[in-house]
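Participant: With the input below, show me the fold.
(chains A and B)
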Amino acid sequence: KNEVEQSPQNLTAQEGEFITINCSYSVGISALHWLQQHPGGGIVSLFMLSSGKKKHGRLIATINIQEKHSSLHITASHPRDSAVYICAVFSVQGAQKLVFGQGTRLTINP
Amino acid sequence: NAGVTQTPKFRVLKTGQSMTLLCAQDMNHEYMYWYRQDPGMGLRLIHYSVGEGTTAKGEVPDGYNVSRLKKQNFLLGLESAAPSQTSVYFCASSYEAGAYGYTFGSGTRLTVV
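Facilitator: Residues are numbered from 1 along each chain as shown, chains lettered A, B, ... in the order given. Have a look, this model is predicted:
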């Protein structure tokens, strides 16, 4: 079982819809990161969370440390939001390092 | 713009050839990392460095070597490329490990034929 699991793996929605991507992890962490990767593009850091909630524009990220779960929400989705969204946790168990989920491919149709 | 710069962006190698990927950052970050990204798999750590002159192995270090002679540069070398090393390589840096932000480069797409 992967230490970081994302769901869904693929998500297609219509422009304007509210989007939720989930991330569950099984290790102790000091921080959780949400990253964005456009097709053929580089990786951009969206959020780093250790507790609570963060908001940037139409993006909201939440984390529940007790339940080892995080969500990334996109309000009023737009075709330019189409990308792969990657959850990564900084594990404090064993070798301290970033552990990545496999990513969620989001497609927003106009 | 401040950030992480990777060169080259694309490269095709023949099996057995060697090459070096360069990662440069201008944020005075101590930590630097090399990852590879393959279809259906999350990013995997190849090697990392916690400061100038230091390097350490990650999850998948075989077939790669690294050097960090200057704080701002982290080099990834392939001494004898193999088709299994066809991948997209990402460099990243952070001020420290743990609850600090990571900055990623734009990636190098390497094909070994």
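Participant: could you dump the worst-scoring helix or strand of chain A on mean pLDDT to CSV, C-alpha only?
Facilitator: Within chain A, judged by mean pLDDT, DSSP states H and E, the helix or strand with the poorest mean is strand A:97-100; its value is a mean of 88. Taking only C-alpha atoms (Å, rounded to 0.1, in the frame of the first residue of the first chain), the coordinates of strand A:97-100 have been written out as CSV:
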residue,chain,number,x,y,z
LYS,A,97,11.8,12.9,2.9
LEU,A,98,8.9,14.0,0.7
VAL,A,99,6.7,11.1,-0.3
PHE,A,100,4.5,11.7,-3.3
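Participant: Name every strand pairing with it and say which way it goes.
Facilitator: Counting by DSSP bridges, the strands paired with strand A:97-100 are strand A:83-91 (antiparallel).
Participant: how long is stretch A:19-30 from one end to the other?
Facilitator: Using CA to CA, to the nearest Å, the end-to-end distance of stretch A:19-30 comes out at 26 Å.
Participant: A:K68 contacts A:N22, correct?
Facilitator: No: the pair A:K68 and A:N22 fails to qualify as a contact (CB atoms under 8 Å) at a distance of 11.5 Å. Using the backbone N, CA and C atoms, a C-beta is placed for each residue, glycine as well.
Participant: Geometric centre of chain B: which residue is closest?
Facilitator: Taking CA atoms, centre = their mean as the criterion, B:W34 is the residue nearest the geometric centre of chain B, at 2.8 Å.
Participant: Surely that one is in a helix?
Facilitator: No: applying DSSP: H, G, I helix; E, B strand; the rest coil, one finds B:W34 to be strand, outside a helix.
Participant: how near is it to A:Q66?
Facilitator: B:W34 sits at a distance of 34 Å from A:Q66 (criterion: CB to CB, to the nearest Å).
Participant: So what's the residue count around B:F104?
Facilitator: Other residues lying near B:F104 total 21 when counted by other CB atoms under 10 Å in any protein chain shown.
Participant: now swap in B:G77 and tell me
Facilitator: For B:G77, the count of nearby residues is 14 (other CB under 10 Å).
Participant: Let me see the contact set for it.
Facilitator: By CB atoms under 8 Å, 6 or more residues apart in numbering or on different chains, the contact list for B:G77 reads B:S18, B:M19, B:T20, B:L21, B:Y64, B:N65, B:V66, B:S67.
Participant: now those as CSV including distance to chain A?
Facilitator: Supplementary listing: these in CSV, determined by distance: CB to the nearest CB, whole Å:
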residue, distance to chain A
B:S18, 25
B:M19, 20
B:T20, 20
B:L21, 14
B:Y64, 16
B:N65, 19
B:V66, 15
B:S67, 20
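Participant: returning to what we had before: need the residues that contact the least confident helix or strand of chain A.
Facilitator: Counting by CB under 8 Å, 6+ apart, residues outside strand A:97-100 touching it are A:3-4, A:25, A:27, A:33, A:86-91, B:33, B:42-45, B:48, B:58, B:97, B:102.
Participant: hmm, try it at 10 Å
Facilitator: By CB atoms under 10 Å, 6 or more residues apart in numbering or on different chains, the residues outside strand A:97-100 that reach it are A:2-4, A:6, A:25-27, A:29, A:31-33, A:35, A:43, A:86-91, A:93, B:33, B:35, B:37, B:41-45, B:48, B:56, B:58-59, B:92, B:94, B:97-98, B:102.
Participant: what about burial for the residues you listed, which qualify?
Facilitator: Burial by neighbour count, 16 or more other CB atoms under 10 Å in any protein chain shown: within these this picks out A:3-4, A:6, A:25, A:29, A:31-33, A:35, A:43, A:86-91, B:33, B:35, B:37, B:42-45, B:48, B:58, B:92, B:94, B:97, B:102.
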